[in-house]
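Visitor: model this:
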Amino acid sequence: MSRGDNRANRLREALRYLTEHGGSANRLAVWDAVQERIPLEGEELELNQRGNPQANSDFFWGSAGLVQAGYMSKPARGEWHVTEEGRRVSDASVSSEQFRDELNNRQRAFQRALREDRETRLRSEIVPPDGRAELVRSISAMFVGRGLRDLDSVFAPGRAVWRQSVVAEVERCFTSQPDVAGDDFLNKLGRQFEGSSDDAKLLMAELICWQILPLQNPGERKKRERVAFLLDRMKHPVTIPAEIDEAFRAWSFHPGTAMSVSLFRAMSMVVQCAARWVSLDAEQRQHALEDPWAWRAIVDSLPDASFPTQRNELLYLVHPGVFGEVISGTAREAILHAFVGEVEGQTEDDPDAAFQQIALALQLKAKGPAKFYEEPLLSRWQQTAPGKLPPISDPVVPEPEPVTPPRTRFPRVATALADRLHMPEAWLQDTLGLIERRKQVILHGPPGTGKTFLAQALSKHVTEGTDGETTIVQFHPTYSYEDFFEGFRPVANDDNGNLAFTLRKGPLRRLADAAAANPEANYFLVIDEINRGNIAKVFGELYFLLEYRDSEISLLYSDEPFTLPSNIFVIGTMNTADRSIAMLDAAMRRRFAFVELHPEREPVQGVLSRWVVTKGLQDDRADLLTRLNAQIQDHDAKVGPSFLMRDLAGTGLQDVWRYEILPLLAEHHYGEGVDLEARYGLKMLRRQATPSVAEGAEGASVDD
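Guide: Have a look, this model is predicted:
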């Protein structure tokens with residue numbers, strides 16, 4: 001028997017074993033029985049990476065085919081159940097050839113159905129433009145199911161907070177108190193719900209979450225802060241469910257400035273919608289959940305239905321496949337006029353129905369989602385000037401177009417930071433300004449000039465106390481794209497007993513996801529020893545995005561569109577004693593700005609002297625470093641001050657010189673036969689000092 005024949009026969013024996021044992025069994029028990037009935041042979045006995053026979057892999061991977069064919073199910077991990085169809089094909093009346101042919105045909109039909117299902121979706125509903133929007137839709141469905149359908153709490157199932165008495169309390173607290181004192185939305189919200197019941201706080205938090213979930217602005221952390229605000233003020237606090245918390249990083253659309261600046265008005269409309277909803281009877285609610293146009297009638301009956309973005313968002317939240325992710329009234333109107341020719345025959349008179357018609361036509365044409373905010377569609381509808389559109393429906397109140405929220409500017413360098421770094425405040429401000437303008441900067445210089453320390457200090461000055469973040473990585477010769485961005489990694493697969501490979505995100509991908517989810521915040525990537533890695537290999541196709549941040553490329557492994565967020569700033573450090581800037585390729589130099597930190601130039605030149613004064617020391621370490629660097633001829637081999645910015649009491653100075661500085665210089669002079677003590681030793685350098693400096697100086701009397 002061939003390996004393929006044995007695999008098919010063992011799968012059939014698995015169905016027979018399940019049938020004989022009441023229809024279900026543990027997967028390992030099935031495997032043990034199958035091995036006894038059809039012993040392993042030949043290459044099947046060779047071991048895989050986990051030390052199991054190759055036939056083991058064949059069998060457990062093949063079990064997925066039994067599920068796809070409808071012969072078996074796996075309702076729980078390790079538990080297998082045979083179906084009626086599985087019983088039928090395992091019967092002795094069905095030949096082995098018939099079993100194999102039917103299994104293959106059913107598997108092909110399963111894959112074909114998956115493809116056809118996608119085509120059916122493209123014909124019948126507006127599909128999400130990307131994975132983020134798909135996630136938002138799935139989480140919004142939780143609010144529709146638990147909240148609207150079951151009138152149950154989304155955050156605390158079993159707690160029926162979507163009921164008339166609770167909604168009425170929310171209305172009294174929120175919509176009836178528009179002018180409560182407070183500096184911002186949350187400050188006012190705290191005053192509005194002061195003394196309210198836990199149920200009212202819980203329901204309001206859920207309504208805020210539902211409203212804010214699809215928006216790009218605010219970002220992930222501010223979404224979480226806004227939703228958790230009232231939850232944390234409950235007498236018995238409730239936590240945000242993990243799947244909803246994770247979805248804060250996703251979004252479906254830009255809300256535009258109208259929704260951002262009119263947050264009270266937007267949330268009032270959501271509260272009004274909840275009040276209208278709980279006043280309906282069960283039959284009316286079910287009808288609205290099944291019929292998009294019945295839901296639209298409810299939304300359009302609200303007192304503030306003339307607020308286009310919030311009105312369109314409410315339509316989308318319950319029936320996204322009909323109303324789609326474009327919520328700007330102006331944009332929808334422009335899209336109708338720009339693409340009306342894509343629809344065969346007459347478009348619907350109803351603008352919402354016409355919009356869906358156009359989206360479906362474009363989806364079938366593209367064999368994928370209609371991405372109205374990307375080329376080639378974007379420029380076509382944006383050419384239609386707002387205000388000059390011929391009337392095709394009732395007038396739409398103009399509103400500002402969706403815009404990306406502004407990034408928070410870098411804070412100015414404080415005197416305290418300059419004092420801590422012992423560097424001029426003006427120089428630090430200029431450097432921080434360069435990083436903000438260029439986005440990618442490399443700090444380069446000899447060892448000991450504080451490159452990594454400065455990179456971390458500047459990045460944390462910007463991100464600490466904000467929603468931003470600093471990530472630090474270190475390059476080395478074996479560091480790869482898979483380590484840095486994303487790659488497949490082996491993981492144990494409990495279901496088939498073998499290793500499986502899964503796509504894992506690296507530090508840059510995780511940082512990029514966070515930055516994209518929080519566009520108003522600043523994110524820093526500090527790459528220590530950037531010149532020690534193979535830059536082109538580590539960055540791969542991302543090298544292009546360092547120069548063209550607004551462009552989109554397809555990724556190597558996940559093959560999905562990716563843009564490097566503009567709110568990521570890269571600071572690399574480079575030891576020029578290892579590799580000169582001149583040795584870097586032109587593409588690298590073009591993408592980064594270079595800032596030199598050199599012991600004989602400001603701002604590093606005076607760092608040690610200023611540090612000594614700050615510490616109140618009376619030793620000669622600063623003079624010794626100056627004379628040492630005067631002896632070193634190579635510009636890139638000079639020694640930075642950080643070697644001496646520590647406690648050097650007792651033999652400390654001699655130890656640093658003997659075990660750190662001289663070995664560094666020995667490497668530089670390797671093979672030259674230089675007498676290091678005679679040229680760079682403490683004794684020789686002190687002979688150059690004036691008696692007033694050398695005599696009695698702290699650390700000068702020991703072990704010269």
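
Visitor: Pull the contacting residues for Lys439.
Guide: Applying Cβ atoms under 8 Å, 6 or more residues apart in numbering to Lys439 gives the contacts Arg549, Ser566, Ile568, Phe569, Val570. (C-beta placed from N, C-alpha, C; glycine too.)

Visitor: go with 7 Å
Guide: The neighbourhood of Lys439, defined by Cβ atoms under 7 Å, 6 or more residues apart in numbering, consists of Phe569, Val570.

Visitor: Who are the contact partners of Ala678?
Guide: Applying Cβ under 7 Å, 6+ apart, we find Ala678 in contact with Met684.

Visitor: Could you report the separation of Phe323 from Arg226?
Guide: 24 Å (Cβ to Cβ, to the nearest Å).

Visitor: Could you check which of those two is surrounded by more residues?
Guide: Phe323 (26 against 20; other Cβ atoms under 10 Å).

Visitor: The residue nearest to that one when sequence neighbours are not counted: neighbouring residues, count only.
Guide: If the residues on either side of it in the chain are set aside, Phe323 comes closest to Leu315, at 4.1 Å by Cβ to Cβ, 6 or more residues apart in numbering. If you count neighbours by other Cβ under 10 Å, Leu315 ends up with 21.

Visitor: List the contacts of Leu315.
Guide: Leu315 sits next to Trp295, Arg296, Val299, Phe323 when contact means Cβ under 7 Å, 6+ apart.

Visitor: Pull out the buried members of those.
Guide: Trp295, Arg296, Val299, Phe323 (16 or more other Cβ atoms under 10 Å).

Visitor: taking those residues one by one, which sit in helices?
Guide: Among the buried ones among the contacts of Leu315, the members found in helices (DSSP state H) are Trp295, Arg296, Val299, Phe323.

Visitor: Just put those in CSV and tack on distance to Gln68 and pLDDT.
Guide: Compiled in CSV, those are given as follows (distance: Cβ to Cβ, whole Å; pLDDT from 0 to 100):
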residue, distance to Gln68, pLDDT
Trp295, 36, 95
Arg296, 39, 94
Val299, 41, 95
Phe323, 34, 96
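
Visitor: could you measure the closest residue to Ala297 other than its chain neighbours against Arg249, distance?
Guide: Residue nearest to Ala297 in three dimensions, not counting chain neighbours: Ala288, with 7.9 Å by Cβ to Cβ, 6+ apart. Going from Ala288 to Arg249 by Cβ to Cβ gives 30 Å.

Visitor: of the two, who's got more company?
Guide: Set Ala288 next to Arg249 and count neighbours by other Cβ under 10 Å: Ala288 wins out with 21 against 18.

Visitor: roughly how far apart are the more buried one and Cys209?
Guide: Where Cys209 is concerned, Ala288 sits at a distance of 21 Å (Cβ to Cβ).

Visitor: What residues of stretch 12-19 count as buried?
Guide: Arg12, Glu13, Ala14, Leu15, Arg16, Tyr17, Leu18.

Visitor: any chance you could map the strands in the stretch 51-200 of the chain?
Guide: Here the stretch 51-200 of the chain has its strands, by DSSP state E, counting those that start in this stretch, at 72-76, 79-82.

Visitor: May I see the ones you listed arranged in a markdown table, with distance to Glu436, mean pLDDT and mean neighbour count as well?
Guide: Converted to a markdown table, the strands of the stretch 51-200 of the chain look like this (distance: least, Cβ to Cβ, whole Å; pLDDT from 0 to 100; neighbours: other Cβ atoms under 10 Å):
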| stretch | distance to Glu436 | mean pLDDT | mean neighbour count |
| --- | --- | --- | --- |
| strand 72-76 | 53 | 84 | 14 |
| strand 79-82 | 57 | 92 | 19 |
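
Visitor: Is it possible to get CSV of the ones you listed that adds distance to Leu597?
Guide: Putting the strands of the stretch 51-200 of the chain into CSV (distance: least, Cβ to Cβ, whole Å) gives the following:
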stretch, distance to Leu597
strand 72-76, 60
strand 79-82, 62
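
Visitor: Can you say which of those is nearest to Tyr557?
Guide: Ranking the strands of the stretch 51-200 of the chain by proximity to Tyr557 (Cβ to Cβ) places strand 72-76 first, at 27.6 Å.

Visitor: Could you list every helix and strand in contact with the closest one?
Guide: Helices and strands touching strand 72-76, by 3 or more Cβ pairs under 7 Å, 6 or more residues apart in numbering; DSSP states H and E, are helix 54-68, strand 79-82.

Visitor: Just want the angle from that strand to helix 54-68.
Guide: 100 degrees (axes from the mean of the first three to the mean of the last three Cα atoms, to 10 degrees).

Visitor: so how far is strand 72-76 from its chain's centroid?
Guide: Distance of strand 72-76 from its chain centroid, counting by Cα atoms, centre = their mean, to the nearest Å, is 33 Å.

Visitor: Show me what that strand is in contact with.
Guide: Under the contact criterion Cβ under 7 Å, 6+ apart, strand 72-76 has outside partners Leu15, Leu66, Val67, Trp80, His81, Val82, Thr83, Gly86.

Visitor: mind running it again at 10 Å?
Guide: 11, 14-15, 18, 24, 27, 30, 63-67, 79-83, 85-86, 495 (Cβ atoms under 10 Å, 6 or more residues apart in numbering).

Visitor: residues touching the residue nearest the centre of the chain, list them.
Guide: Taking Cα atoms, centre = their mean as the criterion, Asp513 is the residue nearest the geometric centre of the chain, at 1.9 Å. Asp513 makes contact with Arg132, Glu220, Arg249, Ala250, Lys505, Pro565 under the criterion Cβ under 10 Å, 6+ apart.

Visitor: So for stretch 452-465, what gets flagged as buried?
Guide: Within stretch 452-465, the residues that count as buried by 16+ other Cβ under 10 Å are Thr452, Leu454, Ala455, Gln456, Leu458, Ser459, Lys460, His461, Val462, Thr463.

Visitor: Show me what the helix or strand harbouring the fourth one is packed against.
Guide: Translated: Gln456. Per DSSP states H and E: Gln456 is located in helix 451-463. For helix 451-463, the elements it packs on are helix 415-421, helix 425-438, strand 440-445, strand 469-474, strand 523-528, strand 568-575, strand 593-596, judged by 3 or more Cβ pairs under 10 Å, 6 or more residues apart in numbering; DSSP states H and E.

Visitor: Apply 7 Å and report the result again.
Guide: Helices and strands touching helix 451-463, by 3+ Cβ pairs under 7 Å, 6+ apart, are helix 415-421, strand 440-445, strand 469-474, strand 523-528, strand 568-575.

Visitor: quick one: it to chain centroid distance?
Guide: Worked out by Cα atoms, centre = their mean, helix 451-463 lies 22 Å from the chain centre.

Visitor: dump the residue contacts of the residue nearest to Ala297.
Guide: Ala294, Trp295, Ile298 are the contacts of Ala288 under Cβ under 7 Å, 6+ apart.

Visitor: ok but it is inside a strand, no?
Guide: No: the assignment for Ala288 is helix, going by DSSP: H, G, I helix; E, B strand; the rest coil, so no strand is present there.

Visitor: so where's this protein uncertain?
Guide: Applying pLDDT under 70 to the chain picks out residues 48-50, 77, 114-115, 345-347, 384-405, 491-500, 559, 578-584, 689-704.
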